[in-house]
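Dropping a prediction and its sequence here:
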Amino acid sequence: MVSGLGSLMGGRKKQRILHIAIITPINMLRSIPSLALVPLLIIFLGPSSWGHRGLVSFYCFLMVIINTLNAIRNVPPIYGEFSYTLGASRGQIYRKVIMPAIVPELVGGVRVAMGVSWSIAVVAELMGSSYGVGKLFLIFIPYFDIKGTFVGILWVLIIAVIIDMIFLRFSRFLIRWKPEKK
């Protein structure tokens, strides 16, 4: 869905106004610190998992959409023009030229968003949760339990690295046509 929206917005001259109308609010929303939204989510949704998931999803969506737009902008226009001269329709150009060209950058953007999501999730749990690593930190901090705090950090690190390794393996499958740099 994100790449589809990015594809719609990432066109050249005709979609410039649409691009400006959408990217400006996205940049404004992206500049709001995640800590500032946590109290609002607690007020509206309570200290539930829905609020934490919403916060993480919101910021990850913003990072991925901006990355998608930049990836589309980085596709050389000659690719589309050349395909058009060979008889490709606009839909075919998006499907067979632009989408494959942006996949490597999208993979990088999703990896960054996944990494940041761990930080946002722990911060959200610190601000008001009855579970999670953030809640454990709230228990450990008053007792100056450094070992417990490091165990929590290590736990998040191990999970994040394992998920990143799985995603990296999957992303290599997605871009198997691209030669690896050594």
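Perfect, I can see it now.

From now on I want contacts and neighbour counts done on CA atoms only, so please keep to that.
OK.

got the phi/psi numbers for residue 129?
The phi and psi values for residue 129, taken as degrees, to the nearest 10, are phi -150, psi 150.

Repeat that for residue 177.
Torsion angles, degrees, to the nearest 10, at residue 177: phi -80, psi -20.

Count the residues that sit near it.
Residues near residue 177, counting by other CA atoms under 10 Å, number 9.

Renumber starting at 6 from here on
Sounds good: first residue 6 from here, last item residue 182.

Let me know the pLDDT of residue 10.
On the pLDDT scale, residue 10 is placed at 45.

Mean pLDDT per helix and strand in this protein: which one sits at the bottom?
helix 7-14 (a mean of 46; mean pLDDT, DSSP states H and E).

And the strands in the chain?
Taking DSSP state E as the test, none of the chain falls into strands.

how about low-confidence regions in it?
6-20, 23, 187 (pLDDT under 70).

Pull the contacting residues for residue 111.
Going by CA atoms under 8 Å, 6 or more residues apart in numbering, residue 111 touches 69, 72-73, 76.

Adding distance to residue 172, write those residues out as TSV.
As requested, those are exported to TSV (distance: CA to CA, whole Å):
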residue	distance to residue 172
69	15
72	17
73	18
76	19
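
ranking these by neighbours, who comes first?
That'd be residue 73 among the contacts of residue 111, by other CA under 10 Å, with 27 neighbours.

Now do that residue against residue 160, distance only.
Note on residue 73: its distance to residue 160, by CA to CA, to the nearest Å, is 31 Å.

that older thread, looking at the contacts of residue 111, which one is closest to residue 62?
Proximity of these to residue 62 (CA to CA) peaks at residue 69, which lies at 10.3 Å.

so who does the closest one touch?
Taking CA under 8 Å, 6+ apart, one finds 7, 111, 114-115, 118 in contact with residue 69.

do the same with residue 136
Shown in contact with residue 136 (CA under 8 Å, 6+ apart): residue 130.

can you tell me which of the contacts of residue 111 are in helices?
Those of these mapping onto helices are 69, 72-73, 76, per DSSP state H.

ok, back up a step: which of the contacts of residue 111 lies closest to residue 145?
Among the contacts of residue 111, and counting by CA to CA, the member closest to residue 145 is residue 69, at 34.0 Å.

Which ChimeraX command selects the buried ones in the contacts of residue 69?
Selection of buried members from the contacts of residue 69 for ChimeraX, criterion 16 or more other CA atoms under 10 Å:
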select :111,114,115,118
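
if we take the contacts of residue 69, which one ends up nearest to residue 64?
Once CA to CA is applied, the member of the contacts of residue 69 that ends up nearest residue 64 is residue 118, at 8.0 Å.
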